[in-house]
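sequence plus the predicted model coming up.
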Amino acid sequence: MDGPRITTVGGRGWDCNQYLVKDAKSNAFDLVDAGHGLDFERVLGQVAAVMDPKRVRSIVLTHEHLDHVNGLPHWRQVGARIVAPRGVAAKLREGRDPTSEMFGGRIVKLDPDDIVGDGDHVRLGDRDFEVLETPGHSPGSSCYWDAQSGTLFSGDTLFAEGGIGRFDFPDSSLPRLYESVLRLGKLPVRVLHSGHGSSLGAEDAARSVAASVRHVGQYHSG
Ligand SMILES: [Zn+2]
């Protein structure tokens with residue numbers, strides 16, 4: 001069976017990758033992450049090349065850093081629902097995130113429409129992805145997993161080429177990142193879409209996740 005239909009938008013400079021996932025039956029799309037918002041016009045153009053942006057049904061967030069959430073007000077204006085993991089929702093309600101502030105920015109202050117936690121499912125395109133809470137890079141970090149197609153949206157928890165999220169931020173945690181990456185390492189990942197950098201398919205994805213597990217282990221034991 002075919003995997004989900006995914007188009008990558010955004011991702012220029014320090015902006016995060018944003019992934020459009022298509023639901024062909026209802027001609028609707030869901031978007032993973034909102035980007036930093038400074039590139040919104042360009043992102044909107046990329047989205048419009050694929051579909052009517054008004055068909056974006058929801059924005060599903062991987063974590064609370066400003067390069068992933070500050071585009072939210074634009075999307076809310078377009079009419080999309082905002083879906084946030086518990087830890088992300090708490091930060092958005094306050095409009096405060098110490099890591100984003102360390103970089104000289106502030107995160108947007110808003111109330112998400114839906115709040116999800118570990119083991120819940122979120123609609124992305126035409127399938128239900130499982131929410132995996134993977135704290136470490138940030139307290140609210142979460143991944144989205146479709147076991148049927150082996151598709152993982154990993155946010156900034158791990159990246160292609162064995163990369164792992166930064167854990168030197170004010171509220172990041174190496175022990176928690178270690179546990180989270182190990183958890184992802186147990187999944188039979190066949191498609192990897194992370195918050196920055198390139199996406200991977202098939203053996204490359206599995207190899208890369210295994211390399212991330214080794215990578216985080218070097219720091220954790222050292
Ligand atoms: Zn981040």
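Looks like it came in fine. On a predicted model such as this, the values are computed, not experimentally measured, just so you know.

within range of the ion, give me the residues from the chain.
Contact residues, the chain versus the ion (C-beta under 5 Å from the ion): H65, D156. All C-beta atoms are positioned from the backbone trio N, CA, C, and that covers glycine.

so where's the chain uncertain?
Low-confidence segments of the chain, defined by pLDDT under 70: 1, 222.

setting aside sequence neighbours, what's the nearest residue to R127?
Closest residue in space to R127, ignoring its immediate chain neighbours: D146 at 5.5 Å, by C-beta to C-beta, 6 or more residues apart in numbering.

okay, and the beta partners of the one you found?
Bridge pairing for D146 (DSSP bridges) gives the partners T151.

and it, how far from G11?
The span separating D146 from G11 equals 21 Å under the rule C-beta to C-beta, to the nearest Å.

helix, strand, or coil at G119?
Here G119 is recorded as coil under DSSP: H, G, I helix; E, B strand; the rest coil.

wait, doesn't the residue nearest to R127 sit right on P4?
Yes. Contact criterion C-beta atoms under 8 Å: D146 and P4 qualify, at 6.5 Å.

which helix is the longest one in this protein?
For the chain, the longest helix by residue count, based on DSSP state H, is helix 202-221.

mind giving me the packing neighbours of that helix?
When contacts are defined as 3 or more C-beta pairs under 8 Å, 6 or more residues apart in numbering; DSSP states H and E, helix 202-221 sits against strand 158-159, strand 163-164, helix 174-185, strand 191-194.

pairing partners for the last one, with directions?
Partner strands for strand 191-194, per DSSP bridges, with pairing direction: strand 151-155 (parallel), strand 200-201 (antiparallel).

pick the most deeply packed of the ones you listed.
strand 151-155 (a mean of 29; mean count of other C-beta atoms under 10 Å).
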